[in-house]
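> Predicted model follows, preceded by the sequence.
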Amino acid sequence: MSTQEKQNDAKLPMNDMIRQSFPPFDHRGTIVTPFDEESKRDAEFQEKLTEMLLELTLDFHAWSSARPLQESDRTADALEKEINELMEAEKEQGTFIAPSSSLSFIEKTRQRLSEFVERIKMALAALTALAP
């Protein structure tokens with residue numbers, strides 16, 4: 001407001017001031033439209049966020065489902081490699097027994113274990129005989 005308008009307002013009687021019409025308030029442009037736009041942006045954000053979370057959940061599920069299979073394959077390969085190394089070491093030492101059948105292999109293993117236990121018993125008996 002300019003100084004002149006202030007002076008004119010001061011000179012107007014109170015009734016005239018009350019009768020003056022106020023400029024119309026544009027509630028649609030000032031409040032409603034910005035609120036609607038903000039609501040639309042929020043809804044778009046929520047939709048995008050939901051989509052991202054769904055994709056993440058699906059990716060995590062796929063990863064977690066594939067992981068045990070991959071780990072068991074990796075472990076099986078490592079165990080197979082270790083068994084082959086043991087078989088090679090036994091071949092080099094001359095103690096390798098090629099299993100012709102699983103039953104004969106099991107019987108030979110039992111026999112070897114029994115002989116080992118018998119040797120331990122004999123060693124313990126010899127040691128106890130030496131003790132005062």
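Arrived safely.
> longest single helix anywhere in the chain?
Counting residues, the longest helix found in the chain (DSSP state H) is helix 33-93.
> Name the next helix or strand downstream of that helix, please.
helix 102-130 (DSSP states H and E).
> Now that following helix: buried residues?
Taking 16 or more other CB atoms under 10 Å as the neighbour-count basis, helix 102-130 is seen to contain no buried residue. For every residue, glycine as well, the C-beta is placed using N, CA and C.
> Report the secondary structure state of P24.
In terms of secondary structure, P24 is coil; the call rests on DSSP: H, G, I helix; E, B strand; the rest coil.
> center of the chain - which residue?
Central residue of the chain (CA atoms, centre = their mean): F60, 6.1 Å from the mean position.
> State the pLDDT value of that residue.
According to the predicted model, the pLDDT of F60 comes to 84.
> Number of residues surrounding E90?
A count of neighbours around E90, defined by other CB atoms under 10 Å, yields 13.
> Repeat that for E51.
Applying other CB under 10 Å, we find 10 residues neighbouring E51.
> separation between it and T57?
When CB to CB, to the nearest Å is the yardstick, E51 and T57 sit 11 Å from each other.
> again, but for S21
Using CB to CB, we find S21 at a distance of 59 Å from T57.
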